[in-house]
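Trainee: Here is my input; please provide its structure:
(chains A, B and C)
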Amino acid sequence: MAEKLLEVRNLKKYFKVKNGYLHAVDNVNFFINKGETLGVVGESGCGKSTTGRVVLRLLEATDGEILFEGKNIRTFNKSQLRDLRKEMQIVFQDPYASLNPRMTVSEIIAEPLLIHKLVKNKQELDKKVASLMSTVGLAERLYNAYPHELDGGRRQRIGIARALAVNPKFIVCDEPVSALDVSIQAQILNLMQDLQEEFGLTYMFITHDLSVVKHISDNIAVMYLGQLVELAPAKELFKNPLHPYTKALLSAIPVPSIKHKKERILLKGEITSPINPQPGCRFAKRCPHATDACTKQDSTLREISPGHFVACDCLEVIK
Amino acid sequence: MIKMTETQASVPTTPKKRSIWLEVFRRMSKNKMAMFGLAIIIILVLTAVFADVIAPYEEVAIKQNLAQRLQGPSAKHWLGTDEFGRDIFARLVHGARVSLKVGIVAVGISILIGGTLGAVAGYYGGKIDNVIMRAMDIFLAIPSILLAIAIVSALGPSLFNLMLAIGISSVPSYARIVRASVLSLRDQEFIEAARAIGASDFRIVTKHIVPNALAPVIVQGTLGVAGAILSTAGLSFIGLGIQPPAPEWGSMLSGGRAYLRYAWHVTTFPGLLIMITILALNLLGDGLRDALDPKLKQ
Amino acid sequence: MSKAETKELLNIKNLTIHYITEDGTVKAVNGIDIQLNRGETLGLVGETGAGKTTTALGILRLVPNPPGKILGGEIFFEGEDLLKKSEVEMRHIRGNKISMIFQDPMTSLNPVLTVGEQIAEVIQIHEGLGKQDAIEKAKKMLEMVGIPGNRHSEYPHQFSGGMKQRVVIAIALACNPQLLIADEPTTALDVTIQAQVLDLMNNLKKEFQTAMILITHDLGVVAEVCDKVAIMYAGEIVETASLEDLFENPKHPYTWGLFGSIPNLEEEVERLNPIKGLMPDPTNLPSGCPFHPRCPKAADVCKKQMPKTTDLGNGHKVRCLIYEGIVKA
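Mentor: You can find the predicted model right below:
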């Protein structure tokens, strides 16, 4: 039986806005096994990036539990949290904004080592930085280069090296390849898979790109407006999507192939506002199968088959 | 194992760490007006540093020689003499010392106080921000020259009090600038990245925010030196600045105004010098602003 | 013969556009040929810096000058060379016979004008209608792109991203152009919204018989919308073919690399097979074939000899020494 590295229970994150509370993450439950990758997909504003940040305590959750290796990290104090940073890391979407423009490549990679005092002296630091650079495939001559002199792919490698520096167990990858060109994107995806194998890393891989998420994930969580609507093993989700939103989402992907033209489910209507949402399924307004009952109460996440969870009360009706 | 091949085509090789400021200078060197301003500033600084070599202070700049009062420009006195027979050129040279010192120290004081207040307000936000910035607003409501006059009158006219007065009166503008750039930096991903690797607030502010917020402060500081020189001249003109017989551009201007009709050179040359200095500083400041603009990067 | 001529809408021959800057000459577009018939849709595919957008701006003669300069070539539109037209004549063509949709719907609308006014503006300029009539037509255009006509008096910020891109499409189609250039029209949108917009564009294209150049990096989008495809690399078109030929039988090593880089939803692949290395620096392009440093098939001769265009028949053209019989496949 696989060991759970991270488990999230009833996680909520509300932001106070002008006319109420924006429910960015609303009652989300999931877990990630050690050494596996959980892909989190959804469209902009579905709360996937917020979830990633709340899990790392870069944002404080409104309610719920975040269990990392069995301990609820929401109760951690400042010094515990500092140590936790060595275990959990993040790779950001924008390789342009996530690197300090006034620091060189080696300074950026060295910073976590210095903060956590992981090296004893300058020589050891230089050696460690050089080895991290070669691990992520950065040429040695870039040691003193500034980020703005490099292309997006190389910058993303810097961001990955910075995350790896503290030797973490768990990395939240927030759209790490979305800003990159396809050929570079493939290089980075391969690198991340290699690193996972080599260091036994666990990933939470946040993206809006469904073909990327299928390629890299063991399990996939689909989010819609702050709620987790479906969670299943990657293959199972693509073969047998159950939630009407997942179905529509999968059918909307443009496939680079002319052999097979699939039936597209076009969604109508616009997205419900996540500010002070009414109880009930958030997807009801756009759902072709919605009934009155759907707008009355929140649907709960149920396990339909082993490992396949869906939050839709009308499943049986749809079938 | 991970081995990625790299094509050599597009990558600039960087053997040594190059300073960002060197790059800024390289960009600015293309701006002729800014370089002209920089040249004048350098000449002024050198003049101030070597003032004693150019003209002995006690004998030429201070000692009165009423027999030679109000003489026009000549080979002996290049820019003529003032109402006490002192050489105007020598007094301007020594005045440069005072003016530049006041300008730089006053701006230093405002950057130190204003920058810290602005950084704290911007980084922590909320109530702290509100208290600091409202205090700054109250400050801004008082004309800065009036404020400086009030401070000098209260503390008594001396060089240090003068610098303090001018420095304090421009604290709010630096606080605002620093706060604005800290606010825009605070939400940048690299700050979040620093937090994610466990950096403390102190480290984030000093290592990540301050270096990136420096550019607008430097530009404002350059322009601020010009303002401070002007304020010194103004305060000296009304008798609250540098006390006679010490040479200062503003007090020279004020001393000569009684003789404007028949000894034009006594006021003209100090006035001209003030103007050229301010112009040079402004040209340099504008040049720096363009060179530091991140949009022009790459 | 005469029939073929009337079918042809756009014929670009040997177009070359460079940006001349202090740090060197950016060779953005280097002698490209594009041929497009009425009602046809061409997908222009390539990575960042391949010269796709510059090509589009070149057709409209909107390349910022300086630093950009159209150094040579011809752009025949309805049989006339656009590069020989005066600025006044061009202004009459832009937005009227050729219109363009930009990538970011958030910034291509003016925030202080209502969407109705913005659609009406184009109509007023090119069709000489009065303000009232233009607004009426603007309402019709809005309805055509699936937005209720009575929302014409709302401002852009009151619309969502997908709706804004619909408004942009309405503006572009308001004067019933012969040619629509769409620069990454759905890249900024979410997949479900992208699906709606692509669907809309497909329908409108059929309805109006508008020819389209769709600039994108997404081969999936190309498969959905295009009739033929041109693959661009380092300012050159390395391969053009009909949609079927390109997807079933790609010829250029770069095209292979593009397909190898995309995770496939249908098949299981353990590892992706990316193109090694990076896009070349456009101020300092490699000698010979610009793709040779990244090409798995490259031979020594590729470093020296610039490949010519080889016609493989049925409109399938490729620029690679393999097909000139010089390099082994």
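
Trainee: so who does the residue of the stretch 1-150 of chain C at minimum distance from chain B touch?
Mentor: Residue nearest to chain B within the stretch 1-150 of chain C: C:Glu22 (8.0 Å; Cβ to the nearest Cβ). Where C-beta positions appear, they are placed from N, C-alpha and C, glycine not excepted. Listed by Cβ atoms under 8 Å, 6 or more residues apart in numbering or on different chains, the contact set of C:Glu22 reads B:Lys30.

Trainee: Quick check: it vs chain A, distance?
Mentor: For C:Glu22, the distance to chain A (Cβ to the nearest Cβ, to the nearest Å) stands at 17 Å.

Trainee: Enumerate every residue touching A:Phe30.
Mentor: A:Glu7, A:Val8, A:Leu38, A:Ala221, A:Leu228, A:Leu231.

Trainee: let's see 7 Å
Mentor: With contact taken as Cβ atoms under 7 Å, 6 or more residues apart in numbering or on different chains, A:Phe30 is in contact with A:Val8, A:Leu38, A:Ala221, A:Leu228, A:Leu231.

Trainee: In which helix or strand does it reside?
Mentor: Under the criterion of DSSP states H and E, A:Phe30 resides in strand A:20-33.

Trainee: buried stuff in that strand?
Mentor: A:Leu22, A:His23, A:Ala24, A:Val25, A:Asp26, A:Asn27, A:Val28, A:Asn29, A:Phe30, A:Phe31, A:Ile32, A:Asn33 (16 or more other Cβ atoms under 10 Å in any protein chain shown).

Trainee: Make a markdown table out of the contacts of A:Phe30 and add distance to B:Ala228.
Mentor: Conversion of the contacts of A:Phe30 to a markdown table gives the following (distance: Cβ to Cβ, whole Å):
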| residue | distance to B:Ala228 |
| --- | --- |
| A:Val8 | 57 |
| A:Leu38 | 59 |
| A:Ala221 | 60 |
| A:Leu228 | 60 |
| A:Leu231 | 64 |
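
Trainee: can you tell me which of those lies nearest to C:His157?
Mentor: A:Leu228 (30.4 Å; Cβ to Cβ).

Trainee: Quick check, that closest one in contact with A:Ser299.
Mentor: No: here A:Leu228 lies out of contact with A:Ser299, judged by Cβ atoms under 7 Å, at a distance of 10.8 Å.

Trainee: who has more neighbours, the two?
Mentor: For the pair A:Leu228 and A:Ser299, the greater number of neighbours falls to A:Leu228 (28 against 21), based on other Cβ atoms under 10 Å in any protein chain shown.

Trainee: So for the more buried one, what's the nearest residue that isn't a sequence neighbour?
Mentor: Distance criterion Cβ to Cβ, 6 or more residues apart in numbering or on different chains; nearest residue to A:Leu228, sequence neighbours excluded, is A:Val28 at 4.9 Å.

Trainee: so how far is chain C from the one you found?
Mentor: According to Cβ to the nearest Cβ, A:Val28 stands 20 Å off from chain C.

Trainee: That residue is in contact with A:Leu231, isn't it?
Mentor: No: in this structure, A:Val28 is not within contact of A:Leu231 by Cβ under 7 Å, at 9.8 Å.

Trainee: Quick one: end-to-end distance for stretch C:308-322.
Mentor: Its start and end residues considered, stretch C:308-322 measures 11 Å (Cα to Cα, to the nearest Å).

Trainee: can you list the weak-confidence ranges in chain B?
Mentor: Counting by pLDDT under 70, chain B shows low-confidence ranges at B:1-18, B:293-298.

Trainee: Now do the strands in it.
Mentor: For chain B, no strands are identified by DSSP state E.

Trainee: And the residue nearest the centre of it?
Mentor: Closest to where the C-alpha atoms of chain B average out (Cα atoms, centre = their mean) is B:Val225, at 2.2 Å.

Trainee: What residues does the most centrally placed residue in chain C make contact with?
Mentor: Among the residues of chain C, the one closest to the centroid is C:Ile215, at 3.1 Å (Cα atoms, centre = their mean). With contacts defined as Cβ under 7 Å, 6+ apart, C:Ile215 is in contact with C:Leu44, C:Lys52, C:Thr53, C:Ala56, C:Ala182, C:Asp183, C:Glu184.

Trainee: shaky segments in the chain?
Mentor: Since you didn't name a chain, this refers to chain A. Scanning chain A with the threshold set as pLDDT under 70 gives A:1, A:260-262, A:269-270, A:318-319.

Trainee: wrong one, I was asking about chain C
Mentor: When residues are selected by pLDDT under 70, those of chain C lie in C:1-6.

Trainee: hey, where'd the helices end up in it?
Mentor: For chain C, helices defined by DSSP state H occupy the ranges C:2-7, C:52-59, C:87-93, C:115-127, C:131-144, C:161-173, C:191-208, C:219-225, C:243-248, C:253-261, C:300-304.

Trainee: Show me what counts as buried in the fifth one.
Mentor: Read that as helix C:131-144. So for helix C:131-144, counting by 16+ other Cβ under 10 Å, buried means C:Ala134, C:Ile135, C:Glu136, C:Lys137, C:Ala138, C:Lys139, C:Met141, C:Leu142, C:Met144.

Trainee: Chain A: which of the residues you listed is nearest?
Mentor: Of all the buried residues of helix C:131-144, C:Leu142 has the smallest distance to chain A: 15.2 Å, by Cβ to the nearest Cβ.

Trainee: my guess is the closest one contacts C:Asn150, does it?
Mentor: No: counting by Cβ under 7 Å, C:Leu142 stays clear of C:Asn150, with 8.9 Å between them.

Trainee: on that earlier part again, can you tell me, leaving aside adjacent residues, what's nearest to the residue nearest to the centre of chain B?
Mentor: Spatially, and ignoring its direct neighbours in sequence, B:Val225 is nearest to B:Gly103 (4.0 Å; Cβ to Cβ, 6+ apart).

Trainee: do C:Ala56 as well
Mentor: Using Cβ to Cβ, 6+ apart, the closest residue to C:Ala56 is C:Ile181 (4.8 Å).

Trainee: Any idea what that neighbour is bridged to?
Mentor: C:Met100, C:Ile213 (DSSP bridges).

Trainee: tell me the contacts of it?
Mentor: C:Ile181 makes contact with C:Ala56, C:Ile59, C:Ile98, C:Met100, C:Ile213 under the criterion Cβ under 7 Å, 6+ apart.

Trainee: mind running it again at 10 Å?
Mentor: By Cβ atoms under 10 Å, 6 or more residues apart in numbering or on different chains, the contact set of C:Ile181 is C:10, C:42, C:44, C:53, C:55-57, C:59-60, C:98-102, C:172, C:211-215.

Trainee: Tell me the spacing between it and chain B.
Mentor: 27 Å.

Trainee: what's the burial count for the residue of the stretch 101-250 of chain B found nearest chain C?
Mentor: Going by Cβ to the nearest Cβ, chain C is nearest to B:Asp187 of the stretch 101-250 of chain B, at 18.3 Å. Look at B:Asp187: counted by other Cβ under 10 Å, it has 9 neighbours.

Trainee: And the one 3 residues further on, by the same measure?
Mentor: Around B:Phe190 sit 25 other residues, with neighbours defined as other Cβ under 10 Å.

Trainee: Would you mind confirming that it makes contact with A:Leu99?
Mentor: Yes: if you go by Cβ atoms under 10 Å, B:Phe190 and A:Leu99 touch, sitting 5.6 Å apart.

Trainee: Now do the shared contacts for A:Leu228 and A:Ser299.
Mentor: Common neighbours of A:Leu228 and A:Ser299 (criterion: Cβ under 10 Å, 6+ apart): A:His243, A:Val310, A:Ala311.
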